[in-house]
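1. Give me a 3D structure for the following:
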Amino acid sequence: MKYKNAQSVLPEEVIKIIQKYIDGSYLYIPRVSENRKSWGEKSGTKGLLKARNREIYRKYTAGVSIKELALCYYLTEPSVRRIIRNEKCNI
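-> Numbers count the residues shown, from 1 in each chain. Below you'll find the model as predicted:
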């Protein structure tokens with residue numbers, strides 16, 4: 001996240017109001033909820049995990065054991081079971 005100088009983006013009246021509440025400290029202003037991105041959307045991680053989970057499910061339906069999948073993807077067996085269960089529901 002990049003900081004911006006309030007004097008370069010806010011009117012002087014707004015700055016004076018903010019200074020009454022928080023003078024000289026950092027202030028985080030959250031995004032408008034309609035503009036928020038969900039986790040992993042910006043970096044692409046969410047898409048990569050979806051593809052990985054589809055691949056795990058495909059391999060499981062092709063006969064690869066949960067134990068082998070866990071070792072192959074560095075996951076716990078309960079995690080692999082959860083992925084399989086979720087992918088089964090998404091089909």
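2. for the longest helix seen in the chain, packing partners?
-> Secondary structure of the chain per DSSP state H: the longest helix is helix 45-61. When contacts are defined as 3 or more CB pairs under 8 Å, 6 or more residues apart in numbering; DSSP states H and E, helix 45-61 packs onto helix 66-73, helix 77-90. Backbone N, C-alpha and C define where each C-beta goes, glycine included.
3. Excluding covalently adjacent residues, which one is nearest to the residue positioned nearest the centre of the chain?
-> By CA atoms, centre = their mean, the chain has its centre lying nearest to residue 39, at 1.6 Å. Excluding its sequence neighbours, the residue lying closest to residue 39 (CB to CB, 6 or more residues apart in numbering) is residue 46, at 6.6 Å.
4. The one you found: neighbour count?
-> Around residue 46 there are 14 other residues, counting by other CB atoms under 10 Å.
5. what's near enough to touch it?
-> Residue 46 makes contact with 38-40, according to CB atoms under 8 Å, 6 or more residues apart in numbering.
6. I'd like to know which of the residues you listed is nearest to residue 50.
-> residue 40 (9.3 Å; CB to CB).
7. And the residue nearest to that closest one when sequence neighbours are not counted, how far from residue 89?
-> Closest residue in space to residue 40, ignoring its immediate chain neighbours: residue 46 at 3.1 Å, by CB to CB, 6+ apart. Distance, residue 46 to residue 89, using CB to CB, to the nearest Å: 18 Å.
8. Give me the buried positions along the longest helix of the chain.
-> Of the residues in helix 45-61, 53, 56-57, 59-60 count as buried by neighbour count, 16 or more other CB atoms under 10 Å.
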